[in-house]
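*Asks:* Below are the sequence and a predicted model for it; my questions follow.
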Amino acid sequence: MSKEHYHIHKLTGKIQTPKLLRKGNQASEFTFLALEEDMETLGFPKKLQEGWQDKAVGVFKELLDNNKALKTYMDICVRCSACTDKCQFFLGSGDINNTPVGRAELMRKVYRYYFTPFSSKGEPFSEHVLKQWMSYFYQCSECRRCSYFCPYGIRYSRNYNGCKRNNELYWCW
């Protein structure tokens, strides 16, 4: 029988969070789309259809109309970043869009453009915006740590579920 060698680290009482990834390294990570033949087999279009932006805005409006909390959350977040250092995905990546505030800001840009008088501070739906939504909203594990530490009690996972729904539906049109 061989003798195993183990290295036991001394406990100092300090928790050190290792930086595993470079800052911003997930900024170019996107969800992989299904193969065209798989989309066709399931009855979905192979690519974005004409007028998809209008349909996506319609789904977003429906989400806002049916969920008053979502509209309130869009308006009351003051970007204090109390949630930022609680997000394990931000701690691992250092990417500001991988924070609850960063993800909410991605959604808020579209909200401002279509649903507020501040459209100049917003951004219309585009393929780039859609790719960002697909990337960052699906990286969130919805652990809800951010909601626990938010001084306003914003439930970010509720917001992200709406965006995920919009992302999933836009291929079905």
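*Replies:* Noted; the coordinates are in hand. Residues are numbered from 1 along each chain as shown.

*Asks:* which element is residue 141 on?
*Replies:* Using DSSP states H and E, residue 141 is not contained in any helix or strand.

*Asks:* just checking, it touches residue 98?
*Replies:* No. Residue 141 lies out of contact with residue 98 (Cβ atoms under 8 Å); the separation is 11.4 Å. To be clear about C-beta, it is placed using only N, CA and C from the backbone, and glycine gets the same treatment.

*Asks:* Compare those two (neighbour count), which wins?
*Replies:* residue 98 (24 against 11; other Cβ atoms under 10 Å).

*Asks:* Next up, the contacts around the more buried one.
*Replies:* By Cβ atoms under 8 Å, 6 or more residues apart in numbering, the contact set of residue 98 is 26, 87, 89-90, 136, 139.

*Asks:* now those as TSV including secondary structure?
*Replies:* TSV is the format used below for those (DSSP: H, G, I helix; E, B strand; the rest coil):
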residue	secondary structure
26	coil
87	coil
89	helix
90	helix
136	helix
139	helix
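
*Asks:* Please identify which helix or strand holds the most centrally placed residue in the chain.
*Replies:* Geometric centre of the chain, nearest residue: residue 137, 2.3 Å, by Cα atoms, centre = their mean. Using DSSP H and E, residue 137 maps to helix 127-139.

*Asks:* and the residue nearest to the centre of the chain, how far is that from residue 100?
*Replies:* Computed as Cβ to Cβ, to the nearest Å, the residue 137 to residue 100 distance reads 11 Å.

*Asks:* same thing with residue 60?
*Replies:* Distance from residue 60 to residue 100, by Cβ to Cβ: 19 Å.

*Asks:* Looking at the two, which is more packed in?
*Replies:* residue 100 (28 against 21).

*Asks:* Would you check that that one makes contact with residue 80?
*Replies:* No. Judged on Cβ under 8 Å, residue 100 makes no contact with residue 80 at a distance of 11.0 Å.
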